[in-house]
Structure formats: structure tokens, C-alpha cells
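J.: Give the three-dimensional model of this entry:
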Amino acid sequence: MVSRLVADRSFSPYGRHEDELARRGARVEQVNQASSLEKVRNIGIIAHIDAGKTTVTERVLYYTGRTYKIGEVDEGTAVMDWMAQERERGITITAAATTCYWLGHNINIIDTPGHVDFTAEVERSLRVLDGGVVVLDAVAGVQPQSETVWRQADSYRVPRICFVNKMDRVGADFHRTVRMIEEILGAKALPIQLPLGEEKDFEGIIDLIENKAWAFSDDITSLPREIGLSEECLGKAKEQRELMLERLAEEDDQFMAVYLEGRPARAEEIRAALRRACIANRVVPVLCGSALKNKGIQPLLDAVVSYLPSPVDVPPVQGIDPKTGKSDTRVSDIAAPFSALAFKVTTDPFVGRLVYFRVYSGKVKAKAQVFNSCKGRKERLGRLLRMHANHREEVDEVCAGDIAAALGLKATYTGDTLCDSTRPIVLETIRFPQPVVSVAIEPKTKADQDRIGDVLAKLMEEDPTFETHYEAETGQTVISGMGELHLEVLLERMKTEFKVDVRTGKPQVAYKETITQSAEAEGRFIKQFGGKGQYGHVVLRVEPAERGSGFSFTNRIRHGAIPAEFIPAVEAGVRESLDRGVLANYPVVDVKVELLDGSYHEVDSSDVAFKMAGSLALKEAVSRAKPVLLEPIMKLDIFAGEQFLGDVLADLDARRASIEGIGVQGGTRVVHALIPLGEAFGYATALRSLSQGRATYSMEFHHYQQVPPNVLEQIVGPRGRFA
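T.: Purely as a prediction, here's the structure:
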């Protein structure tokens, strides 16, 4: 049991001192940590980089009593940014989980990164969360990465509330940010608060539901105080409240009946309607504050409890019965069969391999045997841990709605399902974007060479957007990731955490090859060695597929021209050949392959022969199908002052960028462009030089596009990929 202070009102001026609360009529309530499912909230804090996610989370942890000293990002003392590199760089790199308690509710929080290079951390977090708090900068409004995380949340239908942060900064505009939420994100934003004061005069919030105003002090130990409003403020608040009620009535039928009655709506009726509309993703409640100045955090916590869903409020999780292949579901109930999704794997220097998982149904005890339905094997759980960033709290049991970590799961990876072996289910896995930047590395010493394989394997376990392969032609190991910062961080981790030092080459672009027309080709692999030989003969047709559709193989063999047992070998040879194209040895993508004909020898034919024949036929068919090279195109958003706009645009033109539009955000110009990744390396340094260090930018993968002929000649050299 944990002692927690609870006041007799919807949102209360919670403080840290029991005697101060007692004087204000608060009561002390015992909150059971093993809350019922209705009192559990699994939320993520998501936003663009530097919007203040971690600062918000640090205040939440303090006000809920989880921590007793506020950590600051700028000082490198933030609890949730626990990695050495996060503290050095002042950014969040890995999603960190923690648990806190508010108003009798158990709130599991995941603080996610804001930089686009670490988008996988956001993706896997949103997959297992029930709700999200989107933090927006009141000056910048909806920024590029805000759009990205919003789309990710849309794909998983995660209900959200918005917190407009940094209301105390020069240029902060709450109403402009609300408009941007609607115009750019396409959401129905519903402000339930108004800022009290602007910029340096910002002192608190006007609660439109309760019709009250609260002023906050910069001093975190001070209690918020209720204050009166001027006639002007009262008029604005009344107008905004009526607008809020009208829009809420449009989205909730039950509240529409109350609204049409013409009587004043009670606060509890408004909150109930807001909760229903928010959970149904029909509206997005919008709040405001300044986390750095400790303003507006308690109302935000109240909103998390009041409007975001519990595990029982979301639809049952969907899956497939691996025995029958039919769809199946699991309701969020402790009495249901156990099911959980592993969403993250980390290597802890003190306890070893940790697997983070979300329990969707049932319960499981430490040291219990579970079934990995993706791998088709049983595993035994070791210790079960509740994580508070990098600190561990051992527990005996976890239940539906819990987010925990486990030791001992050696064969479980990101996206795997853990379940009861008597009622198996395979839950939908997590989709991750493909890496777009590659760097060749080589170990500096013999000791580094001996250990580099194991270290890279561990990093790939942790990060699904990190890939590595060995280039036989150059003798180099090539690592691939989501951006230069992503790879820089991983290389630094190799050096500091795993004590493996490497030399790096120039970043390489992850080009791909495809075809532009249909073609047929024959592949013959015939060898005679004196005794039994090798005989394989196939005829293939290749056709272009839709961009992004990948590879498909169709068997159109009739009348036994090739025995059925050799067909898988042909497909294996085709797949192997697709790994290295004919232009510059890059992977071939978006191709349909049809096996049309062939022949076999009753004695000499074998899997090996047909695999080689399939490989030879594919190479020849691709060569005839007018292959082209594809390059990754990045979406680039630049924020620069008017005086630097000309130089920025001239530089973009020199980099083969196409300008999609130029907007105005406050006193800043926003340039939206598409730029080839190969031209974007080192752009951070170039932009700083062009703008005297004042401009910023955001970049993320957008699509693949055919390389122009003049650029193709530069890329395809006599030695292919590493020319």
C-alpha cells in the first residue's frame, strides 16, 4: 500500500506536504498498487524533438511522488534520460518505461524519443500503449516529427490528448497551435483549458469544464491557487466554454441530449462525454502549461486519468490461432488465457538480456513456463521486473494491462507473442521502417575483431531498424540505420558500453534496383563430373510490381515439366539473386517472378542444380527488363529566418532538392522540400554555416525514386557498389 494525497475535487492543488494539503481540506487515501484494470493507464509521451517530452515526464514523476528531486534535461540529470549519451547530447534516444500513481490510478508511462532517427522506439511503444500525450511547442506549433508520431498513433488508433508546452516563451500562441492541430494533423481539437496570461506573463490556466482559474508558482513546492478573473477573461472563457460544449455535443449523442435540454451541463457530465469521445478518437482534448516552470502538470495528470482509456476501454486484441490459422481475440481480463507481446529487447550490463512485454490478457508468475507462438517453442521466465528507467523492481506476478520486463527469455525477440501453450495465439507483430543509411566499418585491433560479431548481434536484437551484413568484395562489414545520428549513437555505444572500437568509412546510401518492363529468360545449370552430374533448367518471366509491394513468386509449371519437390529450390535461387542486382549489386525490389517452364533429368537433377538455374535465369531476366536504380528521397523541413531564405534555397537547388512549398510560422520561414539522401549527408553543418547557426531542420524517409541518368553514371562504377 502506498500513501497518496487525494483532494476532494476533480483537479486539486496537489503539493508535496501533507500538512499543507490538510489545511486545504484534502484527505489521505490509501491507494492499492494492484489497481483494478479500470484504474490502469498505459500512456506514451510523444512529440517532436525539443518539445519538452522528458521535462513533462520528470514533473509527472515528481508530482506523483515517484521521485523526490526533479531531473533536468539541460543539466543531464533527467531520470528518464538515463543513458550516458542521452545526458551528453540532451536528447532522448531510447524509450524508457516507468510507473507512477495518481488519484488511485496506476499510470504506466513510456517516454519516447523525438528525433526521427529513433522512430522505431516510438513505433513499438505505440503498438503496446492504450493512450498518448502529445506534447507540442507553443511557439513552433505542430512540427514535422509531430506529424510523424501522429500518423503512427493513427495507424494504431491510439486515443490522444495534447499538451501545449512552453506557454511562457516569447512567441507562444495557444490558439494558433490549436488551429495547426486541426489543419495539419486533421484532428478535431477541443481546448478544455485556456492560458492565463501570455508569454512571460503566463501564470496558469482557465479550466473551462469547472469554470475556474488556477495560478501556478515557478516554485515546485508551492501549491496552485484558485484566483478570480477579470470581466474580459470571464467573457472569453464563457465564449470558449460554449463553443467547447457545442462541439462536444456534435460528437457525443448522450451529451447532445443534455445540451438540447438547455440546462447548464454539470462538470461530471462534460467529463464523461469527453472521455467517450476521446476514447473513440472523435476529439482530442487540448491542455496547456509550461513544464519547465512547473505549470499545468497536475491538470494534465487529471486529464490522463479522466479521458485516456484503461485496458478494458480498448477493443480486444486481435490475433491468429497458429493451429487453425483463423482469427482470434483476447479480452483484457485477468481470468482470460495469458497473452503478451514482446516489444523491446535490451542488454542490461548488470542483469543481462531483458525482454520488455505488454500483458494483454491473463496473468503470469515469475519462473513460469510460457509459449512463444512465433517461434513454436516453450520458454521459462526468470525474474519479472517493473522498470523505472534503468532501475528495476522485482515482482512475483504481472497481470493484464501491465508493462514489465523479464529475464531468461533467450529466444524471444521484438514482435514475438508469449502465451499459454494450451490456448496459443499469434498477435500482430510490429512494423518497422527500412534503414536508409549505411556505413562500412572495420575493427581497429584483433581483440575488437574477435568481439565485433557478438556486439553487432546484440545491437540488432535491441534495434530492429539496425542491420548489418558482410561485403565479400571489399572485406568490410556494413552497418545500416535510419540516419547519421542513429549510426553515430550506435558506434559510440559499441565503444563505451561494449569496449569495441572501429574505423568507419563514408556513409553509403541504401540504393535499390528494380525493373521497368517484362522479360523472359532461361537458366541452365548442367555439370558433368564423370559420375552423377548436376542438371537444372528453368524458364522465368519477370514483371514490374507496384512500388513498395516487394517480391512475389508464382509457379505456373504444368504437366510436371519440373517435379514439385524442386520448385522451392528454384524460388530460393531467385530470392538469393535478388539480393544483388545487375547494375550496382544493390537489392532488387518490387518484382513479380513467374516460373513458366523447364526440364529435369531423372538422375542428375537436384535441389542445388535447380537453385543455381533459378539464380542464373533471374539475373538474365532482370538484365533484359531494363533495370533502373532507385534512391531514397527524404522529406526535409527547414526552419530559417527570412534573411537566410535565399541562401538556403540556392543550396537546396544545388543538392537536387525539389521545393514542395514555403510557409510562414511566426517570424520564421518554413521550407518543405524533398531531397535525395545521397545529397543530404552533412546537411546539418552546411545549414549552420548558411544561417549563422540559427536555422534548424527535420528530415525523414519519404519514398524511393528512380535515379537520373547523369547521377547513375557517377554511382555505377567499374567495381559496382563500392566504386
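J.: which residues of the stretch 451-600 of the chain score low on pLDDT?
T.: By pLDDT under 70, the weakly predicted segments of the stretch 451-600 of the chain are 471-475, 507, 529-531.
J.: if you set the cut-off to 80 instead, what comes out?
T.: Filtered on pLDDT under 80, the stretch 451-600 of the chain yields the residue ranges 469-476, 482-485, 505-508, 528-532.
J.: for it, what spans make up the strands?
T.: 467-471, 476-481, 502-509, 512-515, 519-527, 534-544, 551-555, 591-599 (DSSP state E, counting those that start in this stretch).
J.: Between those strands, which one is closest to Ile715.
T.: Comparing these by their distance to Ile715 (CB to CB), the top pick is strand 502-509, with 8.4 Å. C-beta here means a position set from N, CA and C on the backbone, and glycine is covered the same way.
J.: Tell me which residues are up against that closest one.
T.: Here strand 502-509 makes contact (CB atoms under 8 Å, 6 or more residues apart in numbering) with 436-444, 448, 452, 476, 478, 484, 487, 491, 494-495, 631-632, 676-678, 681, 722.
J.: other SSEs contacting the biggest helix by length in the chain?
T.: Longest helix in the chain, counting residues (DSSP state H): helix 231-251. In terms of contacts (3 or more CB pairs under 8 Å, 6 or more residues apart in numbering; DSSP states H and E), helix 231-251 is packed against strand 189-191, strand 193-196, helix 253-261, helix 267-279.
J.: mind listing what the longest strand along the chain pairs with, with the direction of each?
T.: When the chain is parsed with DSSP state E, its longest strand is strand 627-641. Under the criterion DSSP bridges, strand 627-641 sits next to strand 512-515 (antiparallel), strand 668-676 (antiparallel), strand 696-706 (antiparallel) in its sheet.
J.: For Glu393, find the nearest of the ones you listed.
T.: Among the strands paired with strand 627-641, strand 696-706 sits nearest to Glu393 (CB to CB), with 35.9 Å.
J.: Export the closest one to PDB, keeping only CA atoms.
T.: Output of strand 696-706 as PDB, limited to C-alpha atoms (Å, rounded to 0.1, in the frame of the first residue of the first chain):
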ATOM      1  CA  THR A 696      17.000  24.100 -37.800                       C
ATOM      2  CA  TYR A 697      15.700  21.200 -39.900                       C
ATOM      3  CA  SER A 698      13.900  17.900 -39.600                       C
ATOM      4  CA  MET A 699      14.400  15.000 -42.100                       C
ATOM      5  CA  GLU A 700      12.700  11.700 -42.500                       C
ATOM      6  CA  PHE A 701      12.400   9.000 -45.200                       C
ATOM      7  CA  HIS A 702       9.600   9.700 -47.800                       C
ATOM      8  CA  HIS A 703       9.900   7.300 -50.800                       C
ATOM      9  CA  TYR A 704      12.200   5.700 -53.300                       C
ATOM     10  CA  GLN A 705      12.600   7.300 -56.700                       C
ATOM     11  CA  GLN A 706      14.500   6.500 -59.900                       C
END
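J.: In whichever helix or strand comes after that strand, which residues are buried?
T.: Sequence-wise, the next helix or strand downstream of strand 696-706 (DSSP states H and E) is helix 709-715. Residues 711-712, 715 are the ones in helix 709-715 that count as buried (16 or more other CB atoms under 10 Å).
J.: neighbours around Asp463, how many?
T.: Counted by other CB atoms under 10 Å, the residues lying close to Asp463 total 25.
J.: Give the full set of residues in contact with it.
T.: Going by CB under 8 Å, 6+ apart, Asp463 touches 120, 481, 490.
J.: Could you provide those in JSON lines, with additional columns for distance to Ser518 and neighbour count?
T.: Formatted as JSON lines, those follow (distance: CB to CB, whole Å; neighbours: other CB atoms under 10 Å):
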{"residue": "Ala120", "distance to Ser518": "36", "neighbour count": "26"}
{"residue": "Gly481", "distance to Ser518": "35", "neighbour count": "28"}
{"residue": "Leu490", "distance to Ser518": "41", "neighbour count": "22"}
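J.: Now distance to Ile279 too, for those, in TSV please.
T.: Shown next, in TSV, are the contacts of Asp463 (distance: CB to CB, whole Å):
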residue	distance to Ile279
Ala120	27
Gly481	36
Leu490	38
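J.: Among those, pick out the one closest to Gly52, please.
T.: The shortest approach to Gly52 among these belongs to Ala120, at 21.9 Å (CB to CB).
J.: Quick check, the closest one in contact with Glu467.
T.: No - using CB atoms under 8 Å, Ala120 is not in contact with Glu467; the gap is 11.8 Å.
J.: and the helices and strands packed on helix 231-251, which one's lowest on average pLDDT?
T.: Lowest mean pLDDT of the helices and strands packed on helix 231-251: helix 253-261, a mean of 88.
J.: can you put the strands paired with strand 627-641 in a markdown table and add distance to Arg503?
T.: Listed next are the strands paired with strand 627-641 as a markdown table, based on distance: least, CB to CB, whole Å:
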| stretch | distance to Arg503 |
| --- | --- |
| strand 512-515 | 27 |
| strand 668-676 | 27 |
| strand 696-706 | 26 |
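J.: distance of Phe343 from Tyr63?
T.: 27 Å (CB to CB, to the nearest Å).
J.: again, but for Asn165
T.: Asn165 is 15 Å from Tyr63, by CB to CB.
J.: And for Val284, the neighbour number?
T.: 24.
J.: Contacts only, for it.
T.: Counting by CB under 8 Å, 6+ apart, Val284 has contacts 134, 160-162, 181, 187-190, 278.
J.: again, only this time at 6 Å
T.: Shown in contact with Val284 (CB atoms under 6 Å, 6 or more residues apart in numbering): 160, 162, 187, 189.
J.: Emit the ChimeraX select command for whichever of these are buried.
T.: Only the buried entries of the contacts of Val284 go into this ChimeraX selection, using 16+ other CB under 10 Å:
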select :160,162,187,189
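J.: Serialize the contacts of Val284 to TSV and add fields for distance to Thr177.
T.: Formatted as TSV, these follow (distance: CB to CB, whole Å):
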residue	distance to Thr177
Arg160	14
Cys162	8
Ala187	12
Ala189	9
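J.: Mind checking which of the contacts of Val284 land in strands?
T.: Those of the contacts of Val284 lying in strands (DSSP E): 160, 162, 189.
J.: you'd agree the first one is up against Val133?
T.: No - in terms of CB atoms under 6 Å, Arg160 does not count as a neighbour of Val133; the distance is 7.2 Å.
J.: Give me the pLDDT for the closest residue to Lys363 other than its chain neighbours.
T.: Spatial nearest neighbour of Lys363, chain neighbours left out: Cys399 (4.1 Å); criterion: CB to CB, 6 or more residues apart in numbering. At Cys399, the model reports a pLDDT of 92.
J.: ok, now how distant is Asp253 from Ile515?
T.: Distance from Asp253 to Ile515, by CB to CB: 54 Å.
J.: So which of these two has more stuff around it?
T.: Comparing Asp253 with Ile515 by neighbour count (other CB under 10 Å), the higher total belongs to Ile515, at 25 against 10.
J.: got the contact list for that one?
T.: Contact partners of Ile515, counting by CB under 6 Å, 6+ apart, are 544, 622, 625, 627.
J.: Which residue is the nearest non-sequential neighbour of it?
T.: In space, Ile515 is closest to Ala625, 3.7 Å off (CB to CB, 6+ apart).
J.: mind listing what the one you found touches?
T.: Contacts of Ala625 by CB under 6 Å, 6+ apart are 515, 517, 519, 542.
J.: 10 Å instead?
T.: Counting by CB atoms under 10 Å, 6 or more residues apart in numbering, Ala625 touches 514-521, 541-544, 582, 588, 591.
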